[in-house]
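>>> can you look at this prediction? I've put the sequence above it.
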Amino acid sequence: MILYALRRLVYLVPVAFGVSLLVFALVHLAPGDAISAIVPPDAPQEVVDKLRAYYGFDKPLPVQYFRWLVVTLSGDFGTSIGTGRPVSEEVGGAFLNTIVLAIAACIVAFTLAIILGTAAGYAKSRIVDRLVTSIALTGISVPNYWLAIVLVIIFSVELGWLPPMGLGPESATGWRLDFAHLRYMVLPTIALSMIPLGVMTRTVRSTIKEILSSEFVTALQAKGMNDRQILLHVLKNAAPTCLAVMGLQAGNLIGGSILIETVFSWPGTGFLLNSAIFRRDLPILQGTTLVLSFFFMMLNLTVDMIQTMVDPRIKRG
Amino acid sequence: MAIQSPSIDMTPGAAVMATPASASRGYWQSVRRRLRRDPVTVVCGVILLLIVLSALFAPWLGLPDPYKTSMIYRLKPIGTPRFLLGSDELGRDMLARLVYGGRLSLAMGVTPVVCALLIGGSLGITAGFLGGRVNMLIMRVMDVFYAFPSVLLAISLSGAMGAGASNTLLALTLVFIPPICRVSESVTTQVRGFDFVDAAKASGAGTLTVVRVHVLGNVLGPILVYATSLISVATILAAGLSFLGLGVKPPEPEWGLMLSTLRQAIYVNPVLAALPGVMIFITSLCFNLMSDGLRAAMDVKA
């Protein structure tokens, strides 16, 4: 097991290298010069040159890449061009806010999906199955940023029950677990949970259906086992497939929350990324993308490990 | 919006396997017949056709000018005389803008998937058929793109390249190549293992002939079905990029952009503000249902 984990980690090295190349290339895809975003157009040439040397933009590309790589690996993500604060500080704070929201959305989506999917997989009546299938279809078809706006219109503008934006009461600087903060989380959580809810419900439903039609279930029934015990067997068999999709969905949630965070002005990585793009703050853009993609890779690896542990059929070693 | 993970056990349908040499004409006929008999698919197809046709022939529908602003008629509610679906924050006719908006919104949803299908499909089939080092090389490069959550990749790419419809198309194409490539590779690898491929090789068929005659017909179905399931994701994502200000630039009518500019109006005219999103929703819903119908008709295992 440990050997397998180590081997998977080694496999990740070339991928991580590729990721770092791609993230580095992001800056050079940008039209014009990153420096032009911070200096006024009438700045004297020597100031521009000085800044360019300060940010290291005057060196040849491979040199810039390795310099950036070494510095980044030591945990220094550079300085934000927009605010002058260290990128790691900005991204770190925002990352926590994103994670909080993502965890809430995952809990809501996965719990509902497992219940609904299992019900539909078992359902003898077409109505239940149709209903669950429609919910799942809505989940994957609805543009979640639009749903977010609709939720704000209904619950904030019309009914006035919930706050339309922000992560807490006015004076709040960081997220805390209390009632006032939770109220601010309700709408973003619902909006964010739609896609994973749709995808997971579909997955759970089709997996359960497939397992129910397999021979071992018939054997268990013939043996006289009661339904509750059979359900346990079915769920155990469905777990690996569902876990894999869950992992992907959780990762996509964290990387994909930018639209929702923008609608709700939730100060997470997505919101940070969005403002960085418009300020042309390339170090922040790089740092956020890098942190999120590494988190995504690690999450996938972890899910893979768990999958191997729960499913004895997968022997990889 | 998340790209659903391509399933590995996507086997070509039973109907295809029964006629190994290539998908026979009878197979495609039966697919068409099954599609025609599926009411959901037919209804969705008709709705999509209406949206596409009205967008294409918008100038001849007698609609008002979608760019003409009016200071007096701003944010008029639905049903105002002369403004059937109301007017937006600059007094432009909403109905006209929604119809014209279909042009860019649909184009930006479908084009990246088609491009990614051509590029990713070819790469995947090549990797799957040749195997070995070529496979390693192609698939490891794809792994790098897989290390990014799809939405993040699209936003970072188009954010770095700057706003604009062409950059959005490029970014979205890049996002959809890896999943299509992966599905194509796994299906091709499976088909390559079938006896009829060996038989064709043994009887002296060249590599290109084997691919064209024996492999392509058997892998195109599953790849196509998977690609159609991405169109809805692409539509939502493309509109989302415009919503963030990274896609189409104003004053072009585009659903995502309209949704974003009308956000300021949610306190004045909430129903109006939600309208562009309804169009995105209907379009992506229809694409999803059509894709499901196609999957069932082509008998591709999900």
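Perfect, I can see it now. Residues are numbered from 1 along each chain as shown, chains lettered A, B, ... in the order given.
>>> from the contact counts, what lies against the helix or strand hosting A:Leu253?
Assigned by DSSP states H and E, A:Leu253 falls within helix A:227-255. Of the remaining helices and strands, those touching helix A:227-255 by 3 or more C-beta pairs under 8 Å, 6 or more residues apart in numbering or on different chains; DSSP states H and E are helix A:87-122, helix A:179-212, helix A:215-223, helix A:282-310, helix B:150-161. Every C-beta, even on glycine, is put in place using the N, C-alpha and C of the backbone.
>>> out of these, the one nearest A:Leu69 is which?
Distance to A:Leu69, taken as C-beta to C-beta, is lowest for helix A:282-310 among the helices and strands packed on helix A:227-255, at 10.6 Å.
>>> buried ones in the closest one?
Under the neighbour-count criterion of 16 or more other C-beta atoms under 10 Å in any protein chain shown, helix A:282-310 has A:282-297, A:299-301, A:303-304, A:306-308 buried.
>>> helix A:87-122 and that helix, what's the angle between them?
Following axes from the mean of the first three to the mean of the last three C-alpha atoms, to 10 degrees, one obtains 40 degrees for the angle between helix A:282-310 and helix A:87-122.
>>> if we can go back for a sec, out of the helices and strands packed on helix A:227-255, which is the most enclosed?
helix B:150-161 (a mean of 26; mean count of other C-beta atoms under 10 Å in any protein chain shown).
>>> tell me the mean pLDDT over it?
Averaged over helix B:150-161, pLDDT sits at 85.
>>> and it, how far out from the chain's middle?
Distance of helix B:150-161 from its chain centroid, counting by C-alpha atoms, centre = their mean, to the nearest Å, is 18 Å.
>>> picking up where we left off before, tell me the helix or strand right after the helix holding A:Leu253.
helix A:258-264.
>>> list of residues touching stretch A:94-105?
Under the criterion C-beta atoms under 8 Å, 6 or more residues apart in numbering or on different chains, residues A:167, A:174-175, A:185, A:188-189, A:192-193, A:196, A:250, A:253-254, A:257, A:260-261, A:266-272, A:288, A:291, A:295 lie in contact with stretch A:94-105.
>>> change it to 6 Å
Contacts with stretch A:94-105, where a contact means C-beta atoms under 6 Å, 6 or more residues apart in numbering or on different chains, come from A:175, A:185, A:188-189, A:192-193, A:253-254, A:257, A:267-269, A:272.
>>> let me see the ranges of the helices in chain B.
Assigned by DSSP state H, chain B shows helices spanning B:14-18, B:25-37, B:39-56, B:94-130, B:132-146, B:150-161, B:165-192, B:195-202, B:207-209, B:216-243, B:255-261, B:270-298.
>>> format these as JSON lines; extra columns: distance to chain A.
Converted to JSON lines, the helices of chain B look like this (distance: least, C-beta to the nearest C-beta, whole Å):
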{"stretch": "helix B:14-18", "distance to chain A": "16"}
{"stretch": "helix B:25-37", "distance to chain A": "18"}
{"stretch": "helix B:39-56", "distance to chain A": "10"}
{"stretch": "helix B:94-130", "distance to chain A": "11"}
{"stretch": "helix B:132-146", "distance to chain A": "3"}
{"stretch": "helix B:150-161", "distance to chain A": "3"}
{"stretch": "helix B:165-192", "distance to chain A": "9"}
{"stretch": "helix B:195-202", "distance to chain A": "27"}
{"stretch": "helix B:207-209", "distance to chain A": "29"}
{"stretch": "helix B:216-243", "distance to chain A": "5"}
{"stretch": "helix B:255-261", "distance to chain A": "6"}
{"stretch": "helix B:270-298", "distance to chain A": "3"}
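>>> which among those is found nearest to A:Val91?
helix B:150-161 (13.1 Å).
>>> now that closest one against helix A:227-255, angle please.
10 degrees.
>>> low-confidence regions, the stretch 51-200 of chain B specifically.
B:83 (pLDDT under 70).
>>> in it, what residue lies closest to chain A?
Nearest residue of the stretch 51-200 of chain B to chain A, counting by C-beta to the nearest C-beta: B:Pro149, 2.5 Å away.
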